[in-house]
Every structure is written in C-alpha cells, then in structure tokens.
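[1] Give me coordinates for this.
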Amino acid sequence: MAFETPEKAKAYWRENISLVLKLLAIWFVVSFGCGILLAELLNEIRFFGFKLGFWFAQQGSIYVFVVLIFVYARLTAKLDEKYRVHED
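    Residues are numbered from 1 along each chain as shown. Next up is the predicted model:
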C-alpha cells in the first residue's frame, strides 16, 4: 500500500480508525445494550417465539457482528479507492 504523500496516509488512517470505532460502537450497543442492559425491557417482546432480550444476547449480537464485517469490507474498499490504494 503506497500513499502519494504522508498527509494522505494520515488522512486515510484517520478515516479508517473512525470507521472502526463507529462500527465497534454499534456492536457494543447491540451486544451489551440490547443483550444485557435492556434485556428485561426487550424480554416483553417475542421474536420467533423467543424473548427478544434473550435473542439479542444469544443470536442477535452475532448476526450484527457478521453484518458489520461485510459493511466494514465494503466501506474500506470505497476508502481505498478514494485514496487510490486499492488492489487491482
């Protein structure tokens, strides 16, 4: 990965780290917030026959994590193209 200037390299990594932190915040809210903190409130709602708080703790956070992996891959590819460091 070769950047045109050191400034572009810093800008690229600044955007990349910002993206990672945003995605980790989403995962934290879903896994910790919905699975632990809001579990009692969400357990009043049924989802496929299971209490929603239980579902988020057992399944939902994993599904969200997998989706976030694909979102990160797509957004990183766009970021690579923006800074012209993408692979051909």
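[2] From now on I want contacts and neighbour counts done on CA atoms only, so please keep to that.
    Will do.
[3] What strand or helix carries the residue most central in space within the chain?
    With distances taken as Cα atoms, centre = their mean, Leu23 lies nearest the centre of the chain, 3.0 Å away. If you go by DSSP states H and E, Leu23 is part of helix 6-28.
[4] Flag the shaky bits of the protein, pLDDT-wise.
    Filtered on pLDDT under 70, the chain yields the residue ranges 1, 88.
[5] thinking again about what came up before, in the helix holding Leu23, which residues are buried?
    Tyr12, Asn16, Leu23, Ile26, Trp27 (16 or more other Cα atoms under 10 Å).
[6] what do you get for stretch 29-44?
    Using 16+ other Cα under 10 Å as the test for burial, stretch 29-44 gives Val29, Val30, Ser31, Phe32, Gly33, Cys34, Gly35, Ile36, Leu38, Ala39, Leu42, Asn43.
[7] Only the buried residues of stretch 60-74, if you could.
    By 16+ other Cα under 10 Å, the buried positions in stretch 60-74 come out as Gly60, Ser61, Phe65, Leu68, Tyr72.
[8] Centre of the chain to it, how far?
    Between the centre of stretch 60-74 and the centre of its host chain there is 6 Å, according to Cα atoms, centre = their mean, to the nearest Å.
[9] Tabulate the CA atom coordinates of it in CSV.
    What follows is the C-alpha trace of stretch 60-74 in CSV, where atoms were taken according to Å, rounded to 0.1, in the frame of the first residue of the first chain:
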residue,chain,number,x,y,z
GLY,A,60,-28.6,-11.1,17.5
SER,A,61,-25.3,-9.7,18.5
ILE,A,62,-23.5,-12.4,16.5
TYR,A,63,-25.7,-11.7,13.4
VAL,A,64,-25.0,-8.0,13.8
PHE,A,65,-21.2,-8.7,14.1
VAL,A,66,-21.2,-10.7,10.8
VAL,A,67,-23.2,-7.9,9.1
LEU,A,68,-20.7,-5.3,10.4
ILE,A,69,-17.8,-7.3,8.9
PHE,A,70,-19.4,-7.0,5.4
VAL,A,71,-20.1,-3.3,6.0
TYR,A,72,-16.5,-2.7,7.0
ALA,A,73,-15.2,-4.6,4.0
ARG,A,74,-17.4,-2.6,1.6
